[in-house]
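Starting from these lines, generate the structure:
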Amino acid sequence: MALVLGLTAAPLVAAYDLPAVNLGFTSFLDGTPPSGPGWYVQQYVQLYRNGRLKDADGEDLRLPTPGGLQKAQVDANIGLTQVLFQSDQVLLFGGKWGMNLMLPYAGFDLDPEDNFALSANSANLGDLLLGPFLQWDPIMGPDGPKFVQRVEFQLIFPTGAYDEDHALNPGSNVFSFSPYWAATAFLAPKWTLSWRLHYLWNAENQDPFAPLGADDSQAGQAIHFNLAGAYEVLPNRLRIGINSYYLKQITESKVDGRRQSDSKEQVFGIGPGLVYHFSRHDHLFFNAYWETSAENRPEGSRMNLRFVHHFH
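Sure thing, here's the model as predicted:
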């Protein structure tokens, strides 16, 4: 049994260790807060389903169970509460300063649960995110805005629930730095294209997954982006479109300071979405994603609901 456990856990020594990141949480009109300067509160709910665990070659992982080896998959229910302030004061290079605070929480359901290799932490609190940012005013054309952008310097602190005896945890137990550039281009009176491009760096985990027998581990660096195009169906009311995301780990993960081969993660997701503007101050986003091309991470489907309220 110990040998089977070691063989099963070995691929996870150097994989499945990236922290939780923004995969599909944001989409349309992402280049600016939708209602201008002021205070915002945003609530996200994301359902992740049928996430089949994949290896470095994109093949299904199998876990040892009392009935033999079985394909593994995970479901997750994720919530995220965000408070954001956008000032009207220019700070640097023409950009107006702002601050973003986010707190996630999540629950996992691993199948098969009665396996001999992996388990999920039953706690729910995730890692606190703090992000100072610069927001630029829109570049205007003769018929309205043409381009708007923002740069944020996200700091992710290891405040979430973490237990080295579990493979799945809401918290990552590491500090991460994840700056991004977000922008929206108004391509035509009714068409917009939005993107958010992240870089991700992770510090060392001094208490890695215990069955691995390592003193420390470090997830590799990664890039990931969200890309969405929308068409305005009802003026100032409804936009529909296509949303997607892509994650690619660009350096190998390390265990006890040694780079691990075949440890890079990747995944691509795409699907339909919409945003409904109840008023200038209240907005509802819905996005669906189906994943493909996953390596060293789950491959499933996501349904994302996001409500934005601007205090005025």
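
What sits closest to residue 244 if chain neighbours are left out?
residue 270 (4.1 Å; Cβ to Cβ, 6 or more residues apart in numbering). (Each C-beta comes from the backbone N, C-alpha and C, glycine too.)

so the one you found is in which element?
strand 266-277 (DSSP states H and E).

Pull out the buried residues from that strand.
266-271, 273-275, 277 (16 or more other Cβ atoms under 10 Å).

Can you say which two of those residues are spatially most distant?
266 and 277 (34.3 Å; Cβ to Cβ).

Neighbours of residue 61, how many?
22 (other Cβ atoms under 10 Å).

Give the bridge partners for the nearest residue in space to it that is not next to it in sequence, please.
Spatial nearest neighbour of residue 61, excluding adjacent residues (Cβ to Cβ, 6+ apart): residue 53 at 4.1 Å. Under DSSP bridges, the beta-bridge partners of residue 53 are residue 298.

Quick check: the gap between residue 53 and residue 17.
13 Å (Cβ to Cβ, to the nearest Å).

Where does residue 133 sit: helix, strand or coil?
strand (DSSP: H, G, I helix; E, B strand; the rest coil).

now do residue 211
Classification of residue 211 using three-state DSSP returns helix.

helices or strands up against the host helix or strand of residue 83?
Per DSSP H and E, residue 83 falls inside strand 73-92. Counting contacts by 3 or more Cβ pairs under 8 Å, 6 or more residues apart in numbering; DSSP states H and E, strand 73-92 is packed against strand 38-53, strand 95-111, strand 128-135, strand 298-310.

counting contacts, what elements does the third one pack onto?
Helices and strands touching strand 128-135, by 3+ Cβ pairs under 8 Å, 6+ apart, are strand 73-92, strand 95-111, strand 144-157.

got TSV for these, with mean neighbour count and distance to residue 57 too?
Conversion of those to TSV gives the following (neighbours: other Cβ atoms under 10 Å; distance: least, Cβ to Cβ, whole Å):
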stretch	mean neighbour count	distance to residue 57
strand 73-92	16	17
strand 95-111	18	22
strand 144-157	18	29
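
need the ones you listed in CSV with mean pLDDT and distance to residue 208, can you?
Output for those, formatted as CSV (pLDDT from 0 to 100; distance: least, Cβ to Cβ, whole Å):
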stretch, mean pLDDT, distance to residue 208
strand 73-92, 96, 19
strand 95-111, 95, 18
strand 144-157, 96, 18
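
for these, which one sits closest to residue 21?
strand 144-157 (8.7 Å).

what packs against the next helix or strand along the chain from that closest one?
Using DSSP H and E, the helix or strand that follows strand 144-157 in sequence is strand 176-186. Applying 3+ Cβ pairs under 8 Å, 6+ apart, we find strand 176-186 packed against strand 144-157, strand 191-202.

And those: which comes nearest residue 294?
Taking the helices and strands packed on strand 176-186 one by one with Cβ to Cβ, strand 191-202 is closest: 17.1 Å.

Identify the residue spatially nearest to residue 76, adjacent ones excluded.
Excluding the flanking residues, the one nearest residue 76 by Cβ to Cβ, 6+ apart is residue 48, at 4.1 Å.

tell me the contacts of the one you found?
Contacts for residue 48 (Cβ atoms under 8 Å, 6 or more residues apart in numbering) come out as 74-78, 298, 300-302.
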